[in-house]
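Student: the amino acid sequence is not available; the structure is as follows:
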């Protein structure tokens with residue numbers, strides 16, 4: 001079984017930055033593509049960013065390109081999401097996900113999920 005534990009986030013002012021971390025245990029981290037998703041109240045969970053097993057190839061949703069950066073450290077079993085120039089519309093619960101494919105870009109191709117961490121961006 002794979003466990004994913006997110007940390008980081010919290011309350012951030014618009015224009016500010018924060019970094020999310022997700023530590024993975026239970027299986028070989030480098031066997032999985034990793035992704036970040038988010039879910040705002042009343043909305044469906046949506047893809048944010050993904051990185052392939054060995055890095056550095058990445059994928060992003062259009063609205064975060066140039067502002068967010070996903071990275072991974074396979075020695076630390078950790079994936080990160082650096083979030084800059086935050087906007088109120090980035091407010092959501094952010095989830096870390098692991099999947100066996102090349103990228104993890106849909107809810108359906110994620111096999112494992114973290115519990116989520118709240119990011120609130122105030123205007």
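Tutor: Structure received. Quick caveat, the model's predicted, so the values are computed rather than measured.

Student: and the helices in the chain?
Tutor: Counting by DSSP state H, the chain has no helices at all.

Student: end-to-end on stretch 63-70?
Tutor: Stretch 63-70 stretches 14 Å from its first residue to its last (CA to CA, to the nearest Å).

Student: rounded mean pLDDT for that stretch, please.
Tutor: Here stretch 63-70 scores 98 as its mean pLDDT.

Student: buried residues in it?
Tutor: Buried residues in stretch 63-70, counting neighbours by 16 or more other CB atoms under 10 Å, are found at 64, 68, 69, 70. (Glycine included, C-beta is placed from N, CA and C.)

Student: what residues are up against the most centrally placed residue in the chain?
Tutor: Geometric centre of the chain, nearest residue: residue 36, 2.3 Å, by CA atoms, centre = their mean. Contacts for residue 36 (CB atoms under 8 Å, 6 or more residues apart in numbering) come out as 20, 22, 48, 49, 50, 70, 79, 81, 94, 95, 96, 97.

Student: cutoff 6 Å now
Tutor: Contacts were defined as CB atoms under 6 Å, 6 or more residues apart in numbering; by that measure residue 36 touches 48, 49, 81.
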